[in-house]
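what's the 3D shape of this:
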Amino acid sequence: MGSTKYSKLSQASAVTKVLILTRFNFRKVIWSLIVSQSRMVNAREGDSVTLECNYTINSSINVTIGWYKWYRHLLHGDEVSNTTGDYKGRVSMTSPSDFTEKASANIILHNVSITDTGMYVCEINITEIISGHGTGNGTFLGVTGETIAPKCRRHFGALSFPAVPCTSGNQSFPPCGDPRSAGNTSTIPSKPHRKPTGFARKITLKTPEKADKPPITAQTS
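As a prediction, this is how the structure comes out:
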């Protein structure tokens, strides 16, 4: 009698363990988190640029508790937020409602500069699910400065002075006014420069002592 009771208890315990293990594996597989980021974003100095980060959960669970962070260069590197480092006052974060309802963890960087160029990594944690932690592969932000177009050569009379820069590598730029220099500085009007030529002038000298003598004539050239 005692052995039969013990056997039934052992069977019940084994069934309970199987149910618990099955439930655990079900949650771990079904409730997984996937984080995605755009690979590259380009911007110019002074722009505001959006760094996108989204997550998906292959479950019908409604997310109510979680958080996200952004880092510079690598995971858990320099944190990117509106209160940290060089980003202070330049970051707009996604609202909590958009994070839970739209699965969005985007940030906006304002007034970007060339020094902001680099890799940005998004980290997300959903505390309500097993395996609720994930990171994206990173977004590379490339910031370029203002491009200054080369100027053409300016003419002053018969001389031509280049406006810096007048060349770019092995490429030279035509004089101002040339059809090929459209969009560059226009030609400065100037009077034509005449080349010096030879001249002759007669100079007549008179001697006051003897005015009756013929005048002395000298010629220069």
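
any idea which helix or strand of this structure has the worst average confidence?
helix 2-30 (a mean of 42; mean pLDDT, DSSP states H and E).

care to break this protein down by domain?
With domains defined by automatic domain parsing, the chain comprises 21-144, 148-190.

Compare those domains and say which comes out lowest on pLDDT.
Per-stretch mean pLDDT for those is lowest at domain 148-190 (a mean of 50).

Can you name the residues in contact with the longest strand seen in the chain?
Under DSSP state E, the strand in the chain containing the largest number of residues is strand 118-126. Strand 118-126 has contacts (Cβ atoms under 8 Å, 6 or more residues apart in numbering) with 33, 35, 37, 51, 53, 55, 57, 63, 65-77, 80, 105, 132-136, 138-141. For every residue, glycine as well, the C-beta is placed using N, CA and C.

same thing but 7 Å
The contact list for strand 118-126 (Cβ atoms under 7 Å, 6 or more residues apart in numbering) reads 33, 35, 37, 51, 53, 55, 57, 63, 66-75, 80, 105, 132-136, 138-141.

Next, the buried residues of that strand.
Applying a neighbour-count criterion of 16 or more other Cβ atoms under 10 Å, one finds Gly118, Tyr120, Val121, Cys122, Glu123, Ile124, Asn125, Ile126 buried in strand 118-126.

Tell me the one of those nearest Gly89?
Of all the buried residues of strand 118-126, Gly89 sits closest to Tyr120, with 17.7 Å by Cβ to Cβ.

any idea how far Arg44 is from that closest one?
17 Å (Cβ to Cβ, to the nearest Å).

got the residue ranges for the helices in the chain?
For the chain, the helices defined by DSSP state H occupy 2-30, 96-101.

Would you confirm that Arg44 contacts Leu141?
No. The pair Arg44 / Leu141 is not scored as a contact, 11.7 Å apart, by Cβ atoms under 7 Å.

With neighbour numbers in mind, choose between these two.
Leu141 (19 against 14; other Cβ atoms under 10 Å).

who's in contact with the nearest residue to that one once chain neighbours are set aside?
Spatial nearest neighbour of Leu141, excluding adjacent residues (Cβ to Cβ, 6 or more residues apart in numbering): Val41 at 5.3 Å. Contacts for Val41 were tallied using Cβ under 7 Å, 6+ apart; they are Val49, Leu51, Thr139, Leu141.

who does the last one bridge with?
To tie it back to what came earlier, the one meant is Leu141. Leu141 has the following beta-bridge partners by DSSP bridges: Val41, Gly118.

Could you report the separation of it from Asn62?
When Leu141 is compared with Asn62 (using Cβ to Cβ), they lie 33 Å apart.

what does Gly85 give?
Counting by Cβ to Cβ - Gly85 and Asn62 are separated by 35 Å.

cool, and Leu74?
In this view, Leu74 and Asn62 are 32 Å apart by Cβ to Cβ.

Also Val41?
In terms of Cβ to Cβ, Val41 sits 31 Å off from Asn62.
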